[in-house]
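Colleague: Below are the sequence and a predicted model; questions follow.
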Amino acid sequence: MRIKLDDTHILISEVECCWIVKLSKSKNGKMSERRVSGYYRTVEDTLHSYFDKHVNANESASIRALRKDIQETHDDIHDWIQEIKKELERS
């Protein structure tokens, strides 16, 4: 299953696991996918993995900037949860 989370992120799930990929254009103009979470058995764990990777890789220069980025990431994940719920209701 592939669930579009937003314009650049997709949740992919198979029988045993799920993960999140980010879409981007390569130098030659083709779309490519880069995994931005770990592989996990549950959607919840996958979202936690995305959040942890995003925060741990953050290069903010101040606590204020870090807090803003964490809040934006949290808000994105909240929106994704709503999209996942909608998709599951359609299934």
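Modeller: Yep, it's here. Note that this is a predicted model, so its numbers are computed, not measured. Numbers count the residues shown, from 1 in each chain.
Colleague: Now the residue lying farthest from the centre of the chain: phi and psi?
Modeller: Each residue of the chain has a distance to the centre, and by C-alpha atoms, centre = their mean the biggest one is for residue 28: 24.5 Å. Backbone geometry at residue 28, expressed as degrees, to the nearest 10, gives phi -90, psi 10.
Colleague: Ok, residue 25 next?
Modeller: Torsion angles, degrees, to the nearest 10, at residue 25: phi -90, psi 130.
Colleague: Can you read off the pLDDT for it?
Modeller: Per-residue confidence (pLDDT) for residue 25: 89.
Colleague: how about the spatially most central residue of the chain, what does it touch?
Modeller: The centroid of the chain falls nearest to residue 20 when counting by C-alpha atoms, centre = their mean (5.0 Å). Applying C-beta atoms under 8 Å, 6 or more residues apart in numbering to residue 20 gives the contacts 5, 9, 10, 11, 12, 35, 36, 37, 46, 47, 49, 50. The way it works is simple: take the backbone N, C-alpha and C, and place the C-beta from them, glycine included.
Colleague: just the buried members of those residues?
Modeller: 5, 9, 11, 12, 36, 37, 46, 47, 49, 50 (16 or more other C-beta atoms under 10 Å).
Colleague: So which of those residues sit within strands?
Modeller: Judged by DSSP state E, the subset of the buried ones among the contacts of residue 20 located in strands is 9, 11, 12.
Colleague: what's the distance between residue 55 and residue 86?
Modeller: Remark: distance between residue 55 and residue 86 (C-beta to C-beta, to the nearest Å) = 26 Å.
Colleague: Between the two, which has more neighbouring residues?
Modeller: residue 55 (14 against 10; other C-beta atoms under 10 Å).
Colleague: Just the helices from this protein, written as ranges.
Modeller: Listed in chain order, the helices found in the chain under DSSP state H are 43-56, 63-90.
Colleague: Return the per-residue confidence for residue 48.
Modeller: 93.
Colleague: swap in the one 5 residues further on?
Modeller: As summarised for this prediction, residue 53 has a pLDDT of 92.
Colleague: Residue 85 now?
Modeller: In this model, residue 85 carries a pLDDT of 85.
Colleague: Great, nothing more from me.
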